[in-house]
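# next come a sequence and a model predicted from it.
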Amino acid sequence: MKKIIILLLLVLLSANLFSQHLFTERSVRRGEILNAYVYPSDNIRESRFTLLNNKGRIIADSNGFTLDVGDAVIEISLLGIPSDLAPGKYTLKVFCETEEGSDQFIKPFFISDRGYLSEEITLNSSMSDLRSNDDPRKAEQSRQLWSVISTFDEDSQYYRDEFDDPVKTYIESAFFGDRRSFLYSDGSSNLSLHNGADFAAPTGEPVYSAGDGKVVMVEDRIITGNTVIIEHLPGVFTLYYHMDSISIEQGMIVSKGMEIGKVGATGLVTGAHLHWELRVSTVAVDPLLYVQKPLINKTEIINIINSIE
């Protein structure tokens, strides 16, 4: 009888040891990326990661994708945290379709505060008209861009490390998350968030791909001028605006440090610069943070997995 009980306990302990777990980074500030993953992921077919506020409103959500990390396989999602999100407690929910049915994981999560600058930008009459007129082409271009950055291809796994600066010699003329007030020539004004980092540089200065990826948009747009979008991971894109010229084509696979164009002053600008943006699950996050740290911290994930095994 004792042997049977001991065997049952060993079976239960073994099942618990290899049951799935939901992990996240310890803390994330608004304007950053939340990495969340389930391990092990052997029997997961599909997954959805959703961040909710205390009223149940969806703040960010994305499908998960399978990723090899060392000798382990995880189901991971990268969620962009909006820069204007109120700091506080949130809930992360993960729904997984498995071979046996479905599983759900729920974890409370805290988003920390982060300050941002404010600035006023005075526009002349032509720039005021460009920004405020109801040209239907602007709406169509906006829909096209949103369609691109809303794409999620779980096989698009090109790059997960630190980015390089897309311009080598520059002055950072505007910062991610700036609270902007545009002052129009007729005396009216409009508030907006700056969703990227601006690198002031002479026209013709080379622009490089920040990481390996696939070129998913090459277009001359009314507001952003000569524009390139590069896909790096499922739901993860870098955007390059206002270029004088573009030297790549849509559909190309580019490598980190490859020249993709030249700095310029096309679209709605007050001077030559590159606007560089990082979108994760459609949300704009601070691209310069991910020059300093990887999109996915492989070493940290391996250490956590080893600690539970």
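Looks like it came in fine.
# poorly predicted segments of the stretch 151-300 of the chain, please.
Along the stretch 151-300 of the chain, segments meeting pLDDT under 70 span 180-183, 185, 189-191.
# one more time with 80
179-192 (pLDDT under 80).
# show me where it has strands.
Counting by DSSP state E, counting those that start in this stretch, the stretch 151-300 of the chain has strands at residues 171-174, 179-183, 189-193, 196-200, 206-208, 213-221, 225-233, 236-243, 245-246, 253-254, 259-262, 273-280, 283-285.
# what about these, which gets the closest to E75?
strand 225-233 (13.9 Å; Cβ to Cβ). C-beta coordinates here come from the backbone N, C-alpha and C atoms, glycine included.
# Y37 should be in a strand, yeah?
Yes. Remark: Y37 belongs to a strand, assigned using DSSP: H, G, I helix; E, B strand; the rest coil.
# what sits against the residue nearest to it when sequence neighbours are not counted?
Using Cβ to Cβ, 6 or more residues apart in numbering and skipping residues adjacent in sequence, the residue nearest Y37 is I76, 3.9 Å away. Going by Cβ atoms under 8 Å, 6 or more residues apart in numbering, I76 touches N35, A36, Y37, V38, G64, F65, T66, L67, I296.
# quick one: I76 and R45, what's the gap?
From I76 over to R45 the distance is 15 Å, taken as Cβ to Cβ, to the nearest Å.
# got phi/psi on D155?
Dihedral pair for D155: phi -90, psi -10, per degrees, to the nearest 10.
# quick one, what contacts it?
Taking Cβ under 8 Å, 6+ apart as the test, what D155 contacts is P234.
# now do Q144
Going by Cβ under 8 Å, 6+ apart, Q144 touches M217, E219.
# per-residue confidence for it?
Per-residue confidence (pLDDT) for Q144: 97.
# part of a helix, is it?
Yes. Using three-state DSSP, the assignment for Q144 is a helix.
# now do stretch 75-93: distance from first to last residue.
End-to-end distance for stretch 75-93, by Cα to Cα, to the nearest Å: 14 Å.
# centre of the chain to that stretch, how far?
Relative to its chain's centre, stretch 75-93 lies at 12 Å (Cα atoms, centre = their mean, to the nearest Å).
# buried set for that stretch?
75-83, 85, 90, 92-93 (16 or more other Cβ atoms under 10 Å).
# between those residues, which is closest to I58?
Of the buried residues of stretch 75-93, the one sitting nearest to I58 (Cβ to Cβ) turns out to be K93, at 9.7 Å.
# so the closest one, which of the three states?
Per three-state DSSP, K93 ends up strand.
# list the contacts for it?
F49, T50, L52, Q104, F105, I106.
# write the ChimeraX selection for whichever of the residues you listed are buried.
Only the buried entries of these go into this ChimeraX selection, using 16+ other Cβ under 10 Å:
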select :49,50,52,105
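# who touches stretch 38-45?
So stretch 38-45 is contacted by 18, 20-23, 47, 64, 66, 72-76, 94, 96-100, 105, 305, 308 (Cβ under 8 Å, 6+ apart).
# in strands, which of the residues you listed fall?
Within the contacts of stretch 38-45, residues falling in strands by DSSP state E are 21-23, 47, 66, 72-76, 94, 96-98, 105.
# from those, which two are the most distant?
It's A72 and E97 that sit farthest apart of these, by Cβ to Cβ, at 20.5 Å.
# neighbour count for these two, which is higher?
Applying other Cβ atoms under 10 Å to A72 and E97 shows that A72 carries more neighbours, namely 17 against 14.
# my read: that one touches I302, true?
Yes. Contact criterion Cβ atoms under 8 Å: A72 and I302 qualify, at 7.0 Å.
# break this protein down into its domains, please.
Domain assignment of the chain by automatic domain parsing yields the ranges 2-114, 118-292.
# deepest of those domains, which one?
domain 118-292 (a mean of 18; mean count of other Cβ atoms under 10 Å).
# using PDB, write out every CA atom in the helix or strand encompassing I302.
Using DSSP states H and E, I302 sits within helix 298-308. Extracted in PDB, the C-alpha atoms of helix 298-308 (Å, rounded to 0.1, in the frame of the first residue of the first chain):
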ATOM      1  CA  LYS A 298      17.200  34.700 -24.600                       C
ATOM      2  CA  THR A 299      19.600  34.400 -21.700                       C
ATOM      3  CA  GLU A 300      17.000  35.400 -19.200                       C
ATOM      4  CA  ILE A 301      14.500  33.000 -20.600                       C
ATOM      5  CA  ILE A 302      16.900  30.100 -20.400                       C
ATOM      6  CA  ASN A 303      17.900  30.900 -16.800                       C
ATOM      7  CA  ILE A 304      14.200  30.900 -15.800                       C
ATOM      8  CA  ILE A 305      13.500  27.600 -17.500                       C
ATOM      9  CA  ASN A 306      16.600  26.000 -16.000                       C
ATOM     10  CA  SER A 307      15.500  27.300 -12.500                       C
ATOM     11  CA  ILE A 308      12.100  25.500 -12.700                       C
END
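# I'm done for today, thanks for sticking with me.
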